[in-house]
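Student: Fold the stuff below for me.
(chains A and B)
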Amino acid sequence: MTMRFLLVTVLCFLFFSTAAAAQNEKTVAGFTEEEVLLFGEKMYREGVLPSGEPMEAIVMGDIPVDGRMFTCDDCHQRSGLGSVEGTVITWPTNGRELYRPRRKTGAWRQPESEEAKMDVRKNLPAYWEQIEEARPAYTDESLATVLWTGVDPTGRKLNPVMPLYHLEDSDMAIMVHYLKNLSVDLPPGVDDTTIRFATVVSEDIPAEAREAMLAILQAHVDVRNSQSRHQERRAESGPFYKTEMHQAYRRWELDIWELQSPANTWSRQLQEYYHKQPVFALLGGLVEGSWQPIHEFCEEHKIPAIFPLTDFPVISESDWYTLYFSKGFYQEGEAAARYLQAQENIVSGTKIVMVSRQGMAGSYLNRGFSEIWQEFGRPGPEHIKLAPDKKLSEQFWRDIMQAKQPDVLILWLEPVDLANIRTLVGEKKLPGKIILSAEMLDYSFTAIPDNLRDNVYLTYSYSLPDSQKRSKQAVKQWLRARKIPVTDLKMQSKMYFLGWMLTGAVKSMRSEFFRDYFLEGFDMMIDQDYAIAVYPRLTFGSGQRYASKGCYIVQLTRGSKPELIKRSDWVIH
Amino acid sequence: MMLSKTRIFLLSYLTVLFLIIMISSSAAATKYKRTVEKYQVPDVTLVNQEGQKINLRTFLNGDKPVILDFIYGTCTTICPVLSIGFSHFQKKLGPDANSVRLVSISIDPDNDTPQVMKEYLQRYNAREGWDFLTGNREDIIEVMRAFDAYVINKMNHYPLTILHLPGDENWIRINELLSTSDLMQEYKLLLKK
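Tutor: Coordinates of the predicted model:
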């Protein structure tokens, strides 16, 4: 018994010590695998060496480059799958592409099944064999050489746009190891036949809104899958030069992830859904309150989330995985600040008073205004924060005017709060500008009394009502053709647009189903003013995560059916 | 003395050959496409990285030589290389950096706010004398058209550097990415005019 116990103890010790040693094994340049990949990522994305010093290189033959100015992922992109911009084509630098020969055809791959190998349409014609490969597969050594010298294994010189890096051997080894492991294995949520998506809905979303969103997403999926019979046949029997295009076809599946209250359990619920059935990306989505828990979940798992329907996005310049329509209420606050600064050019010493209620909308509007206002070097406005149950009596408005005497009065308030605002008219001097949010007013413009309208300015974050009639009509026809009732055209137009963009982004991935590459497909999209019916335009670019960049400032005509008078450009500089 | 037909033919042949050699050697001397153009600067007001309003016509027709390009803040390939070129060019000029006006005009005005442009210039260690301009989308399109630089999709833009000497009706247009030595050579040629 004692001997047996001793033997087991020794074996356990040996097993765990070996495992621990393997885990701590120094793989490259004296660092562990995890450290190497982190350092490599920092070099690739930030141009910074493990020492903290910037990488150094020469570009265009004689221009020294500080690596922080111009990083690898600027051109080759985060995925490493490369980019095309104007006259410059940047080739892939992900491990999968670098470590296999690059054929001149680019697209052709050896048929995998024996049956397919016998099919003449699948095989390259005889003359193709006489064409040499563009380059052989890189080795660690030849990859280091091309990064140092700009000369590839065939002796060809790379375009001088490609920097020649001055890297020590150990730093080069880290770089090479990172590239070798970049975008190699496909992520969960995609297989040989299907790309799986999910949409997130919280349980407290009204049934009509939920149905409006889901019906359109499902219609996009159905349209895609209705092609499957033809696409699968083409992939089976198409000619060799279309192999890549046809084999890239995947059916789409859409899961619904319904979140139960309270919101602080959403993170766990999302983990459970993902663990049970991983998805490639999230599409749309509608929750009560902030999108933050879903945003954070997507950052953690590197899952793209495309165009959630939210007025409360996460405002970040560096987060990567969620692509929003806009910054929501924050963008309206921002627009008010830009308008006062750029268009009205108000003098220093102008008294600005801001009134808002506790709550998310007011908080986003305040933040948007204050952060931009501060960027202009302006002192913050005087802020009156109202308790949730505070009623705005006539005396409240008189007090504001008499005690504060604002030149500009910003009211992030709802229509019900304006019941007694006409009291202001009786005051000796009205504020020159009274600013409100159209979204927060829920577009109930008659809540603003006629005799205040000359002084009232609204932030308006969509296309003006009379514009884009043709695009709206196109959306309505599309809905009608699919027997989807028009219940909320604004939201339905957004989801229609999502499908339009999704088709292009999936196509641009070809068979390289990597999540970063998928997002890069959106980044590279042409600016959109055709298919989007509710914004004047949406614009894209590498790392741009809020597609709508603008917000009008408008005034109202008098009368019971006020019209909007545009007072600013869509984007205010 | 009358020239024989053979001599005339030979002379013509040699003249044509000489011209061909001259033209091809001058093309070989520049590794990039370089043309002389005439542009009318639009009378538009743009905004620089400090948020200041700039009348473009006055700005470009000032008393300093101008080197102009079209870029945007989130560009992946072409603009970083153009901007590194500007940055190093200013460094090479040293104390004279402010004697030439470098002007980058945004082709993504929706995204390129003064704040974005300011951070961009800081990243490239821009010195005084290099301005990044944005503005109303219609105005930007007008400027791009005026310099024959308009592209519908910003992703399809191409490297373009334009040089101009005060008072000169001609503008030098270069449709390639340049090394610093090439840009410096073009600048010196411009000053010699």
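Student: contacting residues around residue 67?
Tutor: Defaulting to chain A. Counting by C-beta atoms under 8 Å, 6 or more residues apart in numbering or on different chains, residue A:67 makes contact with A:43, A:46, A:47, A:48, A:49, A:54, A:55, A:56, A:57. From N, CA and C alone the C-beta is placed, and that goes for glycine too.
Student: The intended chain is chain B.
Tutor: Listed by C-beta under 8 Å, 6+ apart, the contact set of residue B:67 reads B:86, B:89, B:100, B:101, B:102, B:103, B:161, B:162, B:163, B:164, B:183, B:187.
Student: Am I right that it falls within a strand?
Tutor: Yes - the assignment for residue B:67 (DSSP: H, G, I helix; E, B strand; the rest coil) places it in a strand.
Student: Next, count neighbours for residue A:226.
Tutor: By other C-beta atoms under 10 Å in any protein chain shown, 9 other residues sit near residue A:226.
Student: coming back round to it: which one of the contacts of residue B:67 sits in the busiest neighbourhood?
Tutor: residue B:102 (26 neighbours).
Student: Not including adjacent chain positions, what is the nearest residue to it?
Tutor: Distances taken as C-beta to C-beta, 6 or more residues apart in numbering or on different chains put residue B:130 closest to residue B:102, at 4.0 Å, once the chain neighbours are dropped.
Student: Quick one, grab the pLDDT at that neighbour.
Tutor: With respect to pLDDT, residue B:130 has a value of 97.
Student: hang on, it packs against residue B:83?
Tutor: No - judged on C-beta atoms under 8 Å, residue B:130 makes no contact with residue B:83 at a distance of 9.1 Å.
Student: Between those two, which contacts overlap?
Tutor: Contacts common to residue B:130 and residue B:83, judged by C-beta under 8 Å, 6+ apart, are residue B:104.
Student: could you pull out the strands for chain B?
Tutor: When assigned using DSSP state E, the strands of chain B occupy the ranges B:34-37, B:45-47, B:53-55, B:66-71, B:101-106, B:130-133, B:161-164, B:171-174.
Student: Same question for the stretch 301-450 of chain A.
Tutor: With strands called from DSSP state E, counting those that start in this stretch, the stretch 301-450 of chain A shows them at A:305-306, A:322-323, A:352-357, A:382-386, A:408-412, A:433-437.
Student: CA atoms only: put the fifth one into PDB for me.
Tutor: What follows is the C-alpha trace of strand A:408-412 in PDB, where atoms were taken according to Å, rounded to 0.1, in the frame of the first residue of the first chain:
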ATOM      1  CA  VAL A 408     -27.600  79.600 -24.300                       C
ATOM      2  CA  LEU A 409     -30.000  77.200 -22.600                       C
ATOM      3  CA  ILE A 410     -29.500  73.500 -23.400                       C
ATOM      4  CA  LEU A 411     -32.500  71.300 -22.400                       C
ATOM      5  CA  TRP A 412     -31.900  67.600 -22.600                       C
END
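Student: and the angle for it with strand A:433-437?
Tutor: Strand A:408-412 and strand A:433-437 are oriented at 20 degrees to each other (axes from the mean of the first three to the mean of the last three C-alpha atoms, to 10 degrees).
Student: of all the strands of the stretch 301-450 of chain A, which lies closest to chain B?
Tutor: Proximity to chain B (C-beta to the nearest C-beta) singles out strand A:322-323 among those, at 13.6 Å.
Student: Now stretch A:426-435: buried residues?
Tutor: Neighbour counts over stretch A:426-435 (16 or more other C-beta atoms under 10 Å in any protein chain shown) mark A:430, A:431, A:433, A:434, A:435 as buried.
Student: Not counting its neighbours along the chain, what's nearest the third one?
Tutor: By that I understand residue A:433. In this structure, residue A:433 finds its nearest non-sequential neighbour in residue A:408, 4.8 Å apart by C-beta to C-beta, 6+ apart.
Student: what's the burial count for that neighbour?
Tutor: 21.
Student: Check it and give its pLDDT.
Tutor: Note on residue A:408: pLDDT of 96.
Student: One more: residue A:135?
Tutor: On the pLDDT scale, residue A:135 gets 88.
Student: again with residue A:458
Tutor: pLDDT, residue A:458: 98.
Student: what's the answer for the one 3 residues further on, then?
Tutor: Turning to residue A:461, the model gives it a pLDDT of 97.
Student: Correct me if wrong: it contacts residue A:546.
Tutor: No - at 11.4 Å, residue A:461 and residue A:546 do not qualify as touching, with contact defined as C-beta under 8 Å.
Student: where exactly do the strands run in the stretch 151-300 of chain A?
Tutor: With strands called from DSSP E, counting those that start in this stretch, the stretch 151-300 of chain A shows them at A:164-166, A:194-202, A:251-259, A:281-283.
Student: Quick check: mean pLDDT of stretch B:93-113?
Tutor: Averaging pLDDT along stretch B:93-113 yields 95.
Student: and what of stretch B:48-68?
Tutor: In this model, stretch B:48-68 has a mean pLDDT of 95.
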